[in-house]
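Here is my input; please provide its structure:
(4 chains)
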There are 4 protein chains.
Amino acid sequence: MCGVFGIYGHPEAANITYLGLHALQHRGQEAAGIVTSDGERLTPHRSMGLVQAGFSPTDLAALRGDRAIGHVRYSTAGGSHIRNAQPFAVDYARGSIAVGHNGNLTNFEALKDRLEARGSIFQSASDTEVIVHLIAASTQATVESRVAEALGQVEGAYSILFLTERELIAVRDPMGFRPLCMGRLTHGNAEAIVVASEPTAFDLIGATYVRDLDPGEMLIVDATGTRSLRPFAPRTRKLCIFEHVYFARPDSLIEGASVYEVRKALGRKLAEEVPIPSGNDAGDVVVVPVPDSGVPAAIGFAERAGAPFEMGLIRSHYVGRTFIEPQQSIRHFGVRLKLSPNRAALANKRVVVVDDSIVRGTTSRKIVKMVRDAGAREVHLRISSPPTRWPCFYGIDTPTRAELIAATHTLDEICKYVTADSLGYLSLEGLVTSVRTIEQAASASPPPSTKNGEAAENGYCAACFSGTYPVPFSPSPKSRHLRLVHG
Amino acid sequence: MCGVFGIYGHPEAANITYLGLHALQHRGQEAAGIVTSDGERLTPHRSMGLVQAGFSPTDLAALRGDRAIGHVRYSTAGGSHIRNAQPFAVDYARGSIAVGHNGNLTNFEALKDRLEARGSIFQSASDTEVIVHLIAASTQATVESRVAEALGQVEGAYSILFLTERELIAVRDPMGFRPLCMGRLTHGNAEAIVVASEPTAFDLIGATYVRDLDPGEMLIVDATGTRSLRPFAPRTRKLCIFEHVYFARPDSLIEGASVYEVRKALGRKLAEEVPIPSGNDAGDVVVVPVPDSGVPAAIGFAERAGAPFEMGLIRSHYVGRTFIEPQQSIRHFGVRLKLSPNRAALANKRVVVVDDSIVRGTTSRKIVKMVRDAGAREVHLRISSPPTRWPCFYGIDTPTRAELIAATHTLDEICKYVTADSLGYLSLEGLVTSVRTIEQAASASPPPSTKNGEAAENGYCAACFSGTYPVPFSPSPKSRHLRLVHG
Amino acid sequence: MCGVFGIYGHPEAANITYLGLHALQHRGQEAAGIVTSDGERLTPHRSMGLVQAGFSPTDLAALRGDRAIGHVRYSTAGGSHIRNAQPFAVDYARGSIAVGHNGNLTNFEALKDRLEARGSIFQSASDTEVIVHLIAASTQATVESRVAEALGQVEGAYSILFLTERELIAVRDPMGFRPLCMGRLTHGNAEAIVVASEPTAFDLIGATYVRDLDPGEMLIVDATGTRSLRPFAPRTRKLCIFEHVYFARPDSLIEGASVYEVRKALGRKLAEEVPIPSGNDAGDVVVVPVPDSGVPAAIGFAERAGAPFEMGLIRSHYVGRTFIEPQQSIRHFGVRLKLSPNRAALANKRVVVVDDSIVRGTTSRKIVKMVRDAGAREVHLRISSPPTRWPCFYGIDTPTRAELIAATHTLDEICKYVTADSLGYLSLEGLVTSVRTIEQAASASPPPSTKNGEAAENGYCAACFSGTYPVPFSPSPKSRHLRLVHG
Amino acid sequence: MCGVFGIYGHPEAANITYLGLHALQHRGQEAAGIVTSDGERLTPHRSMGLVQAGFSPTDLAALRGDRAIGHVRYSTAGGSHIRNAQPFAVDYARGSIAVGHNGNLTNFEALKDRLEARGSIFQSASDTEVIVHLIAASTQATVESRVAEALGQVEGAYSILFLTERELIAVRDPMGFRPLCMGRLTHGNAEAIVVASEPTAFDLIGATYVRDLDPGEMLIVDATGTRSLRPFAPRTRKLCIFEHVYFARPDSLIEGASVYEVRKALGRKLAEEVPIPSGNDAGDVVVVPVPDSGVPAAIGFAERAGAPFEMGLIRSHYVGRTFIEPQQSIRHFGVRLKLSPNRAALANKRVVVVDDSIVRGTTSRKIVKMVRDAGAREVHLRISSPPTRWPCFYGIDTPTRAELIAATHTLDEICKYVTADSLGYLSLEGLVTSVRTIEQAASASPPPSTKNGEAAENGYCAACFSGTYPVPFSPSPKSRHLRLVHG
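Sure thing, here's the model as predicted:
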């Protein structure tokens, strides 16, 4: 996962982008970067680690210009090195261009081979570099035509921002895997255009959310204003449903639907599908989220189940988001550093623990043990999404299939492994229906999937649950021998 | 506020202390330190900033020995400099001694003057250095007698750990302002003794909570085991009630009472004392905590009010606890960086915002505005403690009276300032009664205040609310001319 | 100026390269880098600043493989940013290649335009990146053919090292502007091949100097041993004579000639051409070098003049080489921080100050003032090279003509500006003759210039003194609008 | 060895002190510190490492006031930790005081025991802390009386600066082991008083050297001007003769005598005492210094021997002074990193290598090998001081006797160990006579030793050569069990 932010037409473009990236920090903690333009040249600054650590006041002051794009990264392909940080900025025949990319290209290897065959050299291990080479190789007359021609050749997921000396271009891939939205920021009598992976970035900077970009839309912002092109053949939308389940911030909207509302609905549906087993003394049931991502689903579950919601696990403010940390040892250790049991809420209770997903199972196992050690009489684990059985090839750094516990174990085996008294996942149909219902309620027009009369799932990519991949990918995308260890 | 942790008899004493300090990080982020003993000499390491940033694996490996004390600090007196970091370690005639102190001495100035008059020199601006001088000046034969003699001369609040070459000594002041508890950590066939400001530190390291130290108790741990002395004249307990309101982690126990249970009880009581004003459509009410400290009270409030609990404000994981940051500019900026409005839970709702306290009012004002801008029809602010009107002289770095909004403004004025539709505080009686009730339920024996037939408040220090200070203090404790700017 | 070092066939290739770069540190302090190969892939590490600061033991341990190239850089084109540090390493169609370059390409702009026109993108502001693009664009079958084809298109100065997965290639441009030498390093029963800008790097690592590469020679080292190609049309040698005057370390040989011997000869010649003005009491004359670069010339001058050599200026060990520091403010301040007057050797003396060159005149002015303030009765400045009147376009970051004092002032005006009692420069003929004489004495075969029956100067590039540039250059090589501010 | 600098009455006191410490950097590289006073309070900043690395512009700006003292330290007692850095600054009954100390106290242990017995605590492992305790314990009415009473109790070597809120006090111990001088710095119409370990610090800042402090002199600078006290019983001067041999910078004066002149005289005397063995072809002899400290003696030797002076060993600018680095491994490695052989000056020559001293012999052995490997026919090592046989207890961190090669080996054995063809040391009489002669020539009044009719050696401490210690010391000053590992 990564996050992008862009702004056009604000005297403090770098500072605003810095704040916007802070609000998108949950989408990537490995590296952060900003490139600004003053109309004549681009100025970049990139740094490993969190946004707040990577930009000093001096760094920000050096980023001159009234337009900027920014990027927060977590490792997808290429490894944890500053060379793979974005935005990526280069000179080519027509000037300079910078690019910040959220997503993953599935035909990256083939394109790289083709480009190298004609003499291109590659300095990063990032798939994003391919896009820039394709733009440089284009003979189209305008920047937007070159970008369109380049993106016409790539496949996969991209919500992507380009910055040249003169324009800001935002593009969402034809299937709309990753979210991308635009807004307006008034300053004095003027108005800047902002774009971001999630509208939560607009709240921090005081901007107004306008709308999500459509799948396949190319938004161009320059001195003449904004205009939209749709240079690609239309495709069925394939919004990543895991954005709703886990990635996006709960206060975000995705195509108008509240992530918080979706998660509460998943919790309610989960309570219907796999309710708490009836016990002798039902009054002792408590519903406990795995904070923070499990909170909305737990609120929904508690509401539907008629059981009290309690903060039975307390999260430390001093450790970052587990899933994103690149080192296994830290992730492993992080579970205990991050969560503490709240005995007062757990002891002698029949505890329903609500979490968003199970990846390897190791974290869930520790949480169940922690809850039971705190005195819970029973521990029932409820997951507000279906079993995660397939890796993602569209921008999320999931483990290989072999590491996904649900890919190789039955429900009973997983329940036994995590040592829960019962385990229940939300069904795929329950998931999709819940998301669609919220999307429909949020939208005057019906959601895209029903336009085409296709099955409900068709509006979403749920490949990690179903194994149905909307875009083919090269059989072993991680197997290529990367000759240069980029450092 | 500060936090202390100690361990005696564990081969990985430094590592365990490092983890213990991590669990106490909420009690101080300015500096962290550890001193170990191998039975012959003390080894210290101190660093500015968070525990995880200040100790490298090399640093930890250099901290040899099977006993250790650690300290996390936030600025009380003396300013933000490494010289004021603790534990403080010195050589004196009888050997070496290190000290880590949570609290504040009220007769520090007079003692420092007296010690200087007899030739002592001071290298830090910390009140804790006085205690070490008093120990060095003592002619008593044993370490515990010297410590007792020294502490017999100081007044104020201290939960304090001492480490010498051979013993670990933990002392809680006679009034028991600050918490301090002990536990046991089994390793192999052996058992180490651990002490900590809060038992949440025990969960992380796998230790078992045994009990809180009594007010006035001196616990000595050495090769012969543990023993307790009570060298001071007995006093009425004066537990800092603000530990329950805000400082302690919700998963902690203080003298056996669950902080989480207390906070939920405060929320319930608050809902009784200042309920939601009846409106035309009560069904639209939502109860929203200011996360994370307001969450338990909001759960209790929602339960009693029969209104839904919603996460209407989303907290960023990437900014630390506002109240503790030393720089005004960061604190000011931090409010917006830390919290985002969750429109889906707020728009068109009558929102009850539950927070633990109002200090200057500036944060509350921003939160009310944020909630209203997100579409709330009404914003009702509820505070789970009485108005904070008086500064603390026992270890909490509160602003001066002039800065405390409740010291100089009426309820109506504050409500107007924070732009809420209504504002309600919990009464002092409601606060004390609620805490006492939970304490009573948690304890077989009645809580201390009733032992003496005194008013309920007498078991607690609530000076920040009432202005009734249990220990006198020098008239202008911050006015003394500090000659040396310690750096 | 930059320095390069390479090694093939040593188990500690990275460590040896680290030491080799340390010995070449005088050729560049802005950045340092090493790329190693283990036969299958390249591993790079680059860092700003000195070699010793940029490589930790961990960094060195990560640089696996038995072959390596390294580079020390000071800013020529492109500015002080890590992106411009070398070796430059990339992936292209045939594998990976890294390059470290000492020199400057004069047709860089035209080549970059041509490459961009066919779709290449540039990530650095370094002329070296052009060479890699040309290699990638080559359709030749072997690495050496591709390198030869690429270098056949560039003009200007280059002593350059390439490292691929399998071979180390060292090339010196056909005019031989910059030095490059090879040696052998025995370890156990094996022997590694080493190449370096100067043989002083061999002394530190215990290697044996074998010979300088010929101008136009391409040396290939791989598993089959070493072989030399001469793929370029022969040209008259144009060795940079300023290497002898200032850049090279005095203990180095350049094409067999001792730099130390050359500098002493320049000092002797200087004493003949512009002797000390006869005074009333000649016995009071002392000859004082500007340390360290002026020392050998001052020894030669004193010998020929029959006057005592004294260390009248003491150099601090704690400031780096003035000429190389990139910031004007530090350079300015550095003169006083670097040199102190030794009154005992200066007071009441007629002082001859011997320096290697005058660039802007500001340093000389300060030195003359310093010597006079220390009590010198007279100060006679003698320069062991001709007036520096022209900028260098072959790899030395000299100021523009407008800043070169000798480009715009007469000898008398300069003398007055630096406030010396007399000023004397070595003649161009005296310089070339002296260098040639030492070269001839060092070589069995006559030096190259006489082979062709051309004027003595023809064996050298003395463009900075004469304005006669052996290779044409684009009219305003620094004027091109660099669009991307590389950071 | 350490260095001190002080200034009174300059608006940029901190900046001037920073520059002064830079000029004294050769006297200590382990740590640096500055304390300023604005008349009301002291502000300190201390840092490990070089002056230039330890003080940012922000640090310097925070050091307010028009008076300051500074200190550069290398490890004498106590180890390499920031707590042992100086100036040491404390509060005591009469205000604040800071102290910077060059030297070593021989009765430190006894004084510390006595002070601890009366209740003092020690936070550093530095002997200097004792002095501050003694001042704090004094009941004298004025600062100067307290300082005098305190210093009256200590024994050993000290050139020491004190800074209080209102005065700067400089004291040189009654035997005058370490140098200390004063000067004046004019700024506008005002004049600041400066004091420094060596007058070379005055040159950098543009101050004028006035005189050395007398042994036993206490110079007080305050708002009323300067005045001198002589509160101690007079003693025979015992100036450390090794300051002349090695420690001081060659451009310094010590009690009016030029260190450069002294070193040249030592070289001349050395040439007389142990001349070059006559060979078949005397014309091939060259005299080569071990740079930089051996340069003046080599110039003197060459002059007297009538042989050419050559820079046969080239020193790298990128490694610090070997003798001072605290880590054995770096020192060991440093010899090869620091010096390179200049073959042109050595090959086929009979080389006389002139160095100032031999400590362990390992460095000399490597140098002789390096010279011989470079082609020297013979290598004759000449040392411009007598054999170093005894450790120093007055402030120089020499090895123990067991490590001093001359303490346990004969001249022949040392010659054999260092693999020289011949080895010659200067005699003790030759050393003392040479220094005295220069001192006499520099002074109108005869040097102190002859005042008392004592032997020439009596004016100097030459204990490291003779074993005659002017001040007794505790038998094992390094053996005391330091209980606290200061960190």
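
Count the neighbours of the residue nearest to A:R401 when sequence neighbours are not counted for me.
Once flanking residues are discounted, A:R401 sits nearest to A:A407: 4.6 Å by C-beta to C-beta, 6 or more residues apart in numbering or on different chains. C-beta here means a position set from N, CA and C on the backbone, and glycine is covered the same way. Residues within reach of A:A407, counting by other C-beta atoms under 10 Å in any protein chain shown, total 16.

part of a strand, is A:A407?
No - going by DSSP: H, G, I helix; E, B strand; the rest coil, the assignment for A:A407 is helix, not a strand.

Which pLDDT value belongs to it?
pLDDT for A:A407: 95.

show me the contacts for it.
Contacts for A:A407 were tallied using C-beta atoms under 8 Å, 6 or more residues apart in numbering or on different chains; they are A:388-390, A:401.

Would you tell me which one of these comes nearest to B:H187?
The nearest member of those to B:H187, counting by C-beta to C-beta, is A:T388 at 36.7 Å.

The closest one contacts A:L404, correct?
Yes - using C-beta atoms under 8 Å, A:T388 is in contact with A:L404, at 5.7 Å.

Identify the contacts common to those two.
Any residue near both A:T388 and A:L404 by C-beta under 8 Å, 6+ apart counts here, and that gives A:359, A:398.

neighbour count winner among those two?
Neighbour tally, A:T388 and A:L404, criterion other C-beta under 10 Å: the higher count belongs to A:T388, 25 against 21.

how near is the more buried one to chain B?
According to C-beta to the nearest C-beta, to the nearest Å, A:T388 and chain B sit 22 Å apart.

Wasn't that residue part of a strand?
No - if the criterion is three-state DSSP, then A:T388 is coil and not within a strand.

separation between the nearest residue to A:M1 once chain neighbours are set aside and A:D91?
Spatial nearest neighbour of A:M1, excluding adjacent residues (C-beta to C-beta, 6+ apart): A:R27 at 5.0 Å. Using C-beta to C-beta, to the nearest Å, we find A:R27 at a distance of 29 Å from A:D91.

check contacts around A:D251.
By C-beta under 8 Å, 6+ apart, the contact set of A:D251 is A:200, A:203, A:259-260, B:314, B:340-344.

A:K416: neighbour count?
For A:K416, the count of nearby residues is 12 (other C-beta under 10 Å).

Now it: which helix or strand?
In this structure, A:K416 sits in helix A:411-417 according to DSSP states H and E.

Average pLDDT for the longest strand seen in chain A, rounded please.
Secondary structure of chain A per DSSP state E: the longest strand is strand A:95-105. Averaging pLDDT along strand A:95-105 yields 94.

Convert that strand to CSV, retaining C-alpha atoms only.
The C-alpha trace of strand A:95-105 is given here as CSV (Å, rounded to 0.1, in the frame of the first residue of the first chain):
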residue,chain,number,x,y,z
GLY,A,95,11.6,18.5,-19.7
SER,A,96,11.3,17.0,-16.2
ILE,A,97,8.6,14.8,-14.8
ALA,A,98,8.0,13.4,-11.3
VAL,A,99,5.7,10.5,-10.5
GLY,A,100,4.1,9.1,-7.3
HIS,A,101,2.3,5.7,-7.7
ASN,A,102,-0.1,3.7,-5.5
GLY,A,103,-0.6,0.3,-6.9
ASN,A,104,1.3,-2.4,-8.7
LEU,A,105,1.9,-3.1,-12.4
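
And chain C, is it touching that?
Yes - using C-beta under 8 Å from any C-beta of the partner chain, we find that strand A:95-105 touches chain C at A:95-96.

Can you name every helix or strand that that strand contacts?
Counting contacts by 3 or more C-beta pairs under 8 Å, 6 or more residues apart in numbering or on different chains; DSSP states H and E, strand A:95-105 packs against strand A:2-8, strand A:31-37, strand A:42-48, strand A:67-73, strand A:88-92, helix A:128-137, strand A:156-164.

Okay, helices next: where are they in the stretch 151-300 of chain A?
Secondary structure of the stretch 151-300 of chain A (DSSP state H, counting those that start in this stretch): helices at A:200-205, A:241-242, A:259-273, A:295-305.

Out of the ones you listed, which gets nearest to chain D?
Taking C-beta to the nearest C-beta, helix A:200-205 is the member of these nearest to chain D, at 29.0 Å.

Rounded mean pLDDT for the closest one, please.
Averaged over helix A:200-205, pLDDT sits at 90.

The stretch 201-350 of chain A against chain B: which residues are in contact?
A:203-204, A:249-251, A:253, A:258-261, A:292, A:295-296, A:299, A:303, A:308-311, A:314-321, A:336-337, A:340-345.

so what's A:S357 up against?
Listed by C-beta under 8 Å, 6+ apart, the contact partners of A:S357 are A:242, A:245-246, A:383-385, A:388.

Of those - the most surrounded one?
In terms of neighbours by other C-beta under 10 Å, these top out with A:S384 at 35 neighbours.

what's the burial count for A:R41?
18.

Specify the angle between the longest strand of chain A and helix A:128-137 in degrees.
Relative orientation of strand A:95-105 versus helix A:128-137 (axes from the mean of the first three to the mean of the last three C-alpha atoms, to 10 degrees): 140 degrees.

Might you name the residue of the stretch 251-400 of chain A sitting closest to chain D?
A:Y318 (23.9 Å).

Hmm, B:A53 and that residue touching each other?
No - with contact defined as C-beta under 8 Å, A:Y318 does not count as touching B:A53 (10.0 Å).

More neighbours: which of the two?
A:Y318 (19 against 12).

Which residue, other than its chain neighbours, is closest to that one?
B:Q25 (4.7 Å).

mind checking how far the residue of the stretch 251-400 of chain A closest to chain D is from B:Q52?
7 Å.

and for the two, which residues touch both?
Joint contacts of A:Y318 and B:Q52 (C-beta under 8 Å, 6+ apart) are B:H22.

ok, back up a step: save the contacts of A:S357 as CSV, and put in distance to D:P472 and pLDDT too.
Below are the contacts of A:S357 laid out as CSV (distance: C-beta to C-beta, whole Å; pLDDT from 0 to 100):
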residue, distance to D:P472, pLDDT
A:F242, 80, 95
A:V245, 80, 96
A:Y246, 76, 94
A:I383, 80, 98
A:S384, 81, 98
A:S385, 82, 98
A:T388, 79, 96
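
Narrow these to those in strands?
In strands, judged by DSSP E, the following of the contacts of A:S357 are found: A:I383.

Can you pick out the most distant pair from the contacts of A:S357?
Spanning the widest gap among these are A:F242 and A:I383, at 12.8 Å by C-beta to C-beta.

For chain A, what lies in contact range of chain C?
A:40-46, A:89-93, A:95-96, A:113, A:116-123, A:132-133, A:136-138, A:165, A:481-487.

pretty sure A:L163 contacts A:F5?
No - the criterion here is C-beta under 8 Å, and A:L163 misses it with A:F5 at 11.3 Å.

what touches both of the two?
Counting by C-beta under 8 Å, 6+ apart, the common neighbours of A:L163 and A:F5 are A:I69.

Poorly predicted segments of the stretch 351-487 of chain A, please.
Scanning the stretch 351-487 of chain A for pLDDT under 70 picks out the ranges A:444-457, A:474-487.

All the strands of it, in order from the start?
Taking DSSP state E, counting those that start in this stretch to define them, one finds strands in the stretch 351-487 of chain A at A:378-383, A:422-425, A:460-461.

how about TSV for these, with distance to chain D added?
Below are these laid out as TSV (distance: least, C-beta to the nearest C-beta, whole Å):
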stretch	distance to chain D
strand A:378-383	45
strand A:422-425	50
strand A:460-461	51
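
so which of those is the most packed in?
Counting by mean count of other C-beta atoms under 10 Å in any protein chain shown, strand A:460-461 has the highest mean neighbour count of these, with a mean of 28.

From the contact counts, what lies against that one?
For strand A:460-461, the packing partners by 3+ C-beta pairs under 8 Å, 6+ apart come out as strand A:239-240.
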